[in-house]
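Peer 1: The following block contains a protein sequence and its predicted model.
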Amino acid sequence: MTDNSYTLGPDQEGHFGRYGGRYVAETLMPLILDLDRTWQEARGDPAFWDAFHELGRNYIGRPSPLYFAERLTRHLGGARIYFKRDELNHTGSHKINNTVGQILLARRMGKTRIIAETGAGQHGVATATVCARFNLPCVVYMGTKDVERQAPNVFRMKLLGAEVRHVTSGSRSLKDALNEALRDWVTNVDSTFYIIGTVAGPHPYPELVREFQAIIGREAKEQLMTVEGRLPDTVVACIGGGSNAMGLFHPFLDDRTVDIIGVEAAGRGLESGEHAASITGGRPGVLHGNRTYLLQDDDGQIVEAHSISAGLDYPGIGPEHAWLADQGRVSYVSATDDEALEAFGLCSRLEGIIPALEPAHALAHVMKIAPALPNDHVICMNMCGRGDKDVFTVARALGVDL
Amino acid sequence: MTGTRIDRCFADMARQQRAGLAAFVTAGDPDPHRSARLIAGLPGAGADIIEIGMPFTDPMADGPVIQASSQRALKAGMTLAGTIDIVRQVRRNDDDTPIVLMGYYNPIHSYGNDAFLKDAIDAGVDGLILVDLPSEEDRELCLPAVEAGLNWIRLATPTTDSKRLPAVLAHASGFVYYVSITGITGTRGATRQTIASAVDRLRRHTDLPVTVGFGIRNGEQAAGVARIADAVAVGSAFCQAVADGLDNGKGTDAPIDNVLALCEAISHGVRKARA
């Protein structure tokens, strides 16, 4: 990678600086190489992107709107705040951008069965959706802890014809669902395509997921040029594995005037040790196919993450984020459960938009910085998911019995 | 004598015209103290090679039995330093049996590669099997380990095609571990016929001894594989024997006795296979 662009990575072996790579069992390695060949062919094939964009327009509902959050802007009294409204996508989050892309790759490879992991259930729903659309059997792995707190999404996946397998091993959340999906993949390597939901995993997943999600940032840039006539000053997104953030950030990486901020989940507070802030509170390690920042103890054992948001409850982060953090191009900050809940409530009341708990973390950071910024400062935040799935969790946190 | 303990072990077995048994148990299962005694007892129960699992929270290629074994070890306080310490203890009274550490990369990455290689070699480790370090990542640990004098034992699988084998075998030494199924540990086994043709294919690409593992749990199955391969690897069955011993007698030596009894039975099958 050269010094004059942040967008050239990864290299052919999937490295973003020292991060990324292909740390997988030998059984999977030939398939990973096969996937890489298919992906490199597909990305140069206009017909592939025609199919992707056609589904984007007519199935997902792209482009998603760019919305000026007028009341929130006035309430905070500083920067002008825009939401990139990927929560309005079909299935209610940005996850569908990626599953549409990956199912087209699965079909290109002639795979006959799809597996996925899910935390909040948004990726599981988005995967079950494209499997229904393309008539492929679908198995979604989900930790029992998440099955409990995301019940509506479990039911949606079943309605869509997917089989939801409850994962009881380890911490019973997203990382364990990923382990189980990898175990399934190793067992059914000939027939099965693994649709990974975030910009992590072995190369080429971090790259291809980013490319499918970068439509968010490209649209936002164009829409901002139309309404504001210029680039934003700040873009903000929440980060679990980091796919919505990478999607928004990537097209802005080489625009040096744009401040880029990723917001990790600080759970009960960074000092409590119960959080999911891999960059702020972790150190580099190797898990799930890539080298990246991980929450781990002194012995290199993976520590359970904690966040009120199931979608951020993961002890790692995409390797490109790890690299951007080391480069200093993106600032990684965090917001606690309580701050996210406050943002959740405020956004619902002021804008009539019930955000998912994931982007509520991004909004919590916007609430911290916007008041002190001048009125002509433009912030674009990715509203990457809607909060319908979270109403039970929020009710419980607020002590309300539904 | 030349070569590593692993080389000498396979040369001896070849002279005796028999196959060997590579016995896998997890370091620290069910606790550090009993684990050290269990491991020290394996050669006496017929194990030719000791594979010691380095416990990890997220063993992606392992089935429920080895997952549970890792969890027990971690809960009992086992660490990578503790694993190396067990090797040191076993080596005090046994300078011959090859000891191979097997597991996942992150605990080593966290320990520091250079420090790990030095400490492992000092303690008497002979080889490494790293599940999540394929040949694409050889620069990471494989090349430094080989340079330091350890055997790098490579996993080959049914999906490792002939085009890929040369790259996979490039830096392999000691033996090649053939994973006989596409899947996780402790599940089904492959048929003898499938294993035989896979081992034939491997032998066309390497002169290294071939050890076959996955899905082998008793003396009879082990004997079948021992007619084809140079050694038979057994893991989940031993980890299950630890678990069964814990169910039957809390705090007793039942887990050790169980494993050693099973090891003797399987070793008997292996040693008699070609008689």
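Peer 2: Thanks, I have the structure now.

Peer 1: Please count neighbours and contacts with C-alpha atoms only from this point.
Peer 2: Will do.

Peer 1: ok, and the closest non-adjacent residue to whichever residue of the stretch 51-200 of chain A sits closest to chain B?
Peer 2: In the stretch 51-200 of chain A, the residue that lies nearest chain B is A:T187 (3.8 Å; C-alpha to the nearest C-alpha). Counting by C-alpha to C-alpha, 6 or more residues apart in numbering or on different chains, A:T187 lies nearest to B:G183, which is 3.8 Å off, once chain neighbours are set aside.

Peer 1: can you count the residues close to the one you found?
Peer 2: By the criterion of other C-alpha atoms under 10 Å in any protein chain shown, B:G183 has 27 neighbours.

Peer 1: Contact partners for the residue nearest to A:V24 when sequence neighbours are not counted?
Peer 2: Leaving aside its sequence neighbours, A:V24 sits nearest to B:D132 (C-alpha to C-alpha, 6+ apart; 4.5 Å). Residues counted as contacts of B:D132 (C-alpha atoms under 8 Å, 6 or more residues apart in numbering or on different chains) are A:23-26, A:289, B:104-105.

Peer 1: One more pass at 6 Å, please.
Peer 2: With contact set as C-alpha atoms under 6 Å, 6 or more residues apart in numbering or on different chains, B:D132 has these partners: A:23-25, B:104.

Peer 1: Please dump those residues into CSV; it should also carry neighbour count, secondary structure and distance to A:M142 for every row.
Peer 2: Below are those laid out as CSV (neighbours: other C-alpha atoms under 10 Å in any protein chain shown; DSSP: H, G, I helix; E, B strand; the rest coil; distance: C-alpha to C-alpha, whole Å):
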residue, neighbour count, secondary structure, distance to A:M142
A:Y23, 27, strand, 23
A:V24, 28, coil, 21
A:A25, 22, coil, 22
B:Y104, 27, coil, 23
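
Peer 1: Adding distance to B:A198 and pLDDT, write those out as CSV.
Peer 2: Formatted as CSV, the contacts of B:D132 follow (distance: C-alpha to C-alpha, whole Å; pLDDT from 0 to 100):
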residue, distance to B:A198, pLDDT
A:Y23, 25, 98
A:V24, 22, 97
A:A25, 18, 95
B:Y104, 25, 98
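
Peer 1: Closest one of these to A:P251?
Peer 2: Among the contacts of B:D132, A:Y23 lies closest to A:P251 (C-alpha to C-alpha), at 27.7 Å.

Peer 1: Can you name the residues bridging to that closest one?
Peer 2: Going by DSSP bridges, A:Y23 is paired in beta bridges with A:G289.

Peer 1: What are the contacting residues of the helix or strand that contains A:R291?
Peer 2: With secondary structure defined by DSSP states H and E, A:R291 is part of strand A:289-294. The contact list for strand A:289-294 (C-alpha under 6 Å, 6+ apart) reads A:19-24, A:201-202, A:278-279, A:282-285, A:315-316, A:319, A:322.

Peer 1: So which of the residues you listed belong to helices?
Peer 2: In this view, these that belong to helices under DSSP state H are A:278-279, A:319, A:322.

Peer 1: wait, what's in contact with residue 25?
Peer 2: Picked chain A for this. A:A25 is in contact with B:131-132, counting by C-alpha under 6 Å, 6+ apart.

Peer 1: my bad, the chain I had in mind was chain B
Peer 2: By C-alpha under 6 Å, 6+ apart, the contact list for B:V25 reads B:52-53.

Peer 1: Let me know the average pLDDT across the helix or strand hosting it.
Peer 2: Element membership for B:V25 (DSSP H and E) is strand B:20-26. Summarised as a single mean, pLDDT over strand B:20-26 is 98.

Peer 1: Could you list the paired strands of that strand along with their orientation?
Peer 2: When DSSP bridges is applied, strand B:20-26 pairs with strand B:49-53 (parallel), strand B:231-234 (parallel).

Peer 1: ok, which residues in the stretch 251-400 of chain A are in contact with chain B?
Peer 2: Residues of the stretch 251-400 of chain A lying close to chain B (C-alpha under 6 Å from any C-alpha of the partner chain) are A:285-286, A:299-301.

Peer 1: again, 7 Å this time
Peer 2: Within reach of chain B by C-alpha under 7 Å from any C-alpha of the partner chain, the stretch 251-400 of chain A has these residues: A:285-287, A:299-302.

Peer 1: Show me the strands in chain A, by range?
Peer 2: Shown for chain A, the strands assigned by DSSP state E span residues A:15-16, A:19-23, A:66-68, A:80-84, A:113-118, A:138-143, A:163-167, A:192-194, A:234-239, A:259-267, A:283-287, A:289-294, A:331-336, A:378-382.

Peer 1: follow-up on the earlier one: and the helix or strand just after the strand holding B:V25, what's buried?
Peer 2: The helix or strand immediately downstream of strand B:20-26 is helix B:32-41, counting by DSSP H and E. For helix B:32-41, the buried set under the neighbour-count rule, 16 or more other C-alpha atoms under 10 Å in any protein chain shown, comprises B:32, B:34-36, B:38-41.

Peer 1: The strand holding A:R291 versus strand A:19-23: what angle between them?
Peer 2: If you take axes from the mean of the first three to the mean of the last three C-alpha atoms, to 10 degrees, strand A:289-294 sits at 140 degrees to strand A:19-23.

Peer 1: so A:I81 touches A:V378, yeah?
Peer 2: Yes: here A:I81 reaches A:V378: they are 6.2 Å apart, a contact under C-alpha atoms under 7 Å.

Peer 1: out of the two, which sits in the busier spot?
Peer 2: Each of A:I81 and A:V378 has its neighbours counted (other C-alpha under 10 Å); A:I81 has more, 28 against 23.

Peer 1: Which strand residues bridge the closest residue to that one other than its chain neighbours?
Peer 2: Excluding the flanking residues, the one nearest A:I81 by C-alpha to C-alpha, 6+ apart is A:I379, at 4.9 Å. Under the criterion DSSP bridges, A:I379 forms beta bridges with A:I81, A:T234.

Peer 1: hang on, the earlier thing: so which two of the buried residues of helix B:32-41 are the farthest from each other?
Peer 2: Using C-alpha to C-alpha, the buried residues of helix B:32-41 reach their maximum pairwise distance at B:P32 and B:G41, which is 14.3 Å.

Peer 1: and the stretch 151-275 of chain B, which of its residues are near chain A?
Peer 2: Contacts of the stretch 151-275 of chain B with chain A, taken as C-alpha under 7 Å from any C-alpha, map to B:155-157, B:159-160, B:182-184.

Peer 1: Which residue is the nearest non-sequential neighbour of B:N258?
Peer 2: By the measure of C-alpha to C-alpha, 6+ apart, the closest residue to B:N258 outside its immediate chain neighbours is B:A241, 5.6 Å from it.

Peer 1: hey, which helix or strand in the chain has the poorest pLDDT?
Peer 2: Going with chain A. The helix or strand of chain A with the poorest confidence is helix A:144-149; it has a mean of 89 (mean pLDDT, DSSP states H and E).

Peer 1: try again with chain B
Peer 2: Lowest by mean pLDDT, DSSP H and E among the helices and strands of chain B is helix B:236-248, with a mean of 93.

Peer 1: Just the pLDDT at the residue nearest the centre of chain A, thanks.
Peer 2: Centrality entry for chain A: nearest residue to the mean C-alpha point is A:S243, 3.1 Å, by C-alpha atoms, centre = their mean. pLDDT, A:S243: 97.

Peer 1: who's in contact with it?
Peer 2: Taking C-alpha atoms under 7 Å, 6 or more residues apart in numbering or on different chains, we find A:S243 in contact with A:198-199, A:210, A:213.

Peer 1: Distance to A:G110, neighbour count and pLDDT added to these, as JSON lines?
Peer 2: As requested, the contacts of A:S243 are exported to JSON lines (distance: C-alpha to C-alpha, whole Å; neighbours: other C-alpha atoms under 10 Å in any protein chain shown; pLDDT from 0 to 100):
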{"residue": "A:T198", "distance to A:G110": "23", "neighbour count": "25", "pLDDT": "96"}
{"residue": "A:V199", "distance to A:G110": "23", "neighbour count": "30", "pLDDT": "98"}
{"residue": "A:R210", "distance to A:G110": "23", "neighbour count": "26", "pLDDT": "98"}
{"residue": "A:Q213", "distance to A:G110": "23", "neighbour count": "28", "pLDDT": "98"}
